[in-house]
Structures are given as structure tokens and as C-alpha cells.
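In: Got a predicted model here, sequence first, then my questions.
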Amino acid sequence: MQQQTVQRPTGAFVGASWTALLVGGATYLIGLWNSDMQLNEKGYYFTLLMYGLFAAVSLQKSVRDRLEGIPVTGIYFGLCWLSLGICVALLVIGLWNAKLVYSEKGFYAMSYLMSLFAAVAVQKNIRDLAPFKAQATSGDEA
């Protein structure tokens, strides 16, 4: 098992990550809510967001586990990559075929990708802060 020193993320980075996730996700969802799409189309794009966020966080965790020497099966690691690829491909296919103006397509694509990136950053921050929080609680008990 490899021992790596993890620095505590700065408050600014943690705040920026959460802000990016909330702004990206909220913007995407508000856009869906206000769109003239049929309910089944809205459901498609909502499901892509939820599946994409899960896939991105799961992939980040798997990559981090491998770096820290925590066993991750090849099949799970491959499924994480495949899931993220499927999410992005389905978004591209959906937007390519959608009857939306280009600015709306760009809006959905950018808010989606911003949300995925931010979810990875938030997960990284949560994981990086966990040892520091454990130290703080064990120090309080002593």
C-alpha cells in the first residue's frame, strides 16, 4: 500500500467546488424546467445528469482507491469509465438530435460538463478532508 501525503484542501477550493456543483446542477435543472421539451425528453436529460454525476464520482473514487493501493477490480474500473463515456455520448447524441437552438445546446452541454467536473472536485475534497476531520474528532476525545 502506497503512503501518500495529502494536503488539506483550502477553504476557497472547497467553496469553489461546491459552488460550481450547485451552479452547474441548478442551471441545468432550471433550464430543463423552463424548456418547451416534452416530459419524456426532460426525463431523459434529468436521468443523464443523475447517471453522469454518479459515474463521475464513482470513477474518481476508483482512480483514487487505485492510487492509494486499495483494490479495485478491473471490471468495476472499466464499468466506471464505460458509464461515464456512455453518459457523455448520450448527451451528445441527444443534443445533436434535439430541436433546440445552438445556444441552448451549448448551455446544456456546458452546465452538464461543469456539474460532472465539480462533482469530481467535491468528492476529492470530501475524501481529502476526511483524515483531518477524523483527527479533530479523535483529538476532542483525548
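Out: Good, I have the coordinates.

In: Run through the residues that contact the spatially most central residue of the chain.
Out: Nearest to the geometric centre of the chain sits A119, at 2.9 Å (Cα atoms, centre = their mean). Going by Cβ atoms under 8 Å, 6 or more residues apart in numbering, A119 touches 21, 53, 56-57, 60. C-beta coordinates here come from the backbone N, C-alpha and C atoms, glycine included.

In: The spatially closest residue to Q7 that is not a sequence neighbour: neighbouring residues, count only.
Out: Nearest residue to Q7 in three dimensions, chain neighbours excluded: D128, at 7.5 Å (Cβ to Cβ, 6 or more residues apart in numbering). D128 has 16 neighbours, counted by other Cβ atoms under 10 Å.

In: D128: helix or strand, and which one exactly?
Out: helix 102-141 (DSSP states H and E).

In: Report the rounded mean pLDDT for that helix.
Out: Averaged over helix 102-141, pLDDT sits at 88.

In: Check stretch 67-77 too.
Out: In this model, stretch 67-77 carries a mean pLDDT of 94.

In: Next, the distance between the ends of it.
Out: End-to-end distance of stretch 67-77 (Cα to Cα, to the nearest Å): 13 Å.

In: in it, what counts as buried?
Out: Within stretch 67-77, the residues that qualify as buried are F77, counting by 16 or more other Cβ atoms under 10 Å.

In: ditto for stretch 106-125
Out: By neighbour count on 16+ other Cβ under 10 Å, the buried set for stretch 106-125 is 107-108, 111-116, 118-125.

In: what's the burial count for M50?
Out: Look at M50: counted by other Cβ under 10 Å, it has 11 neighbours.
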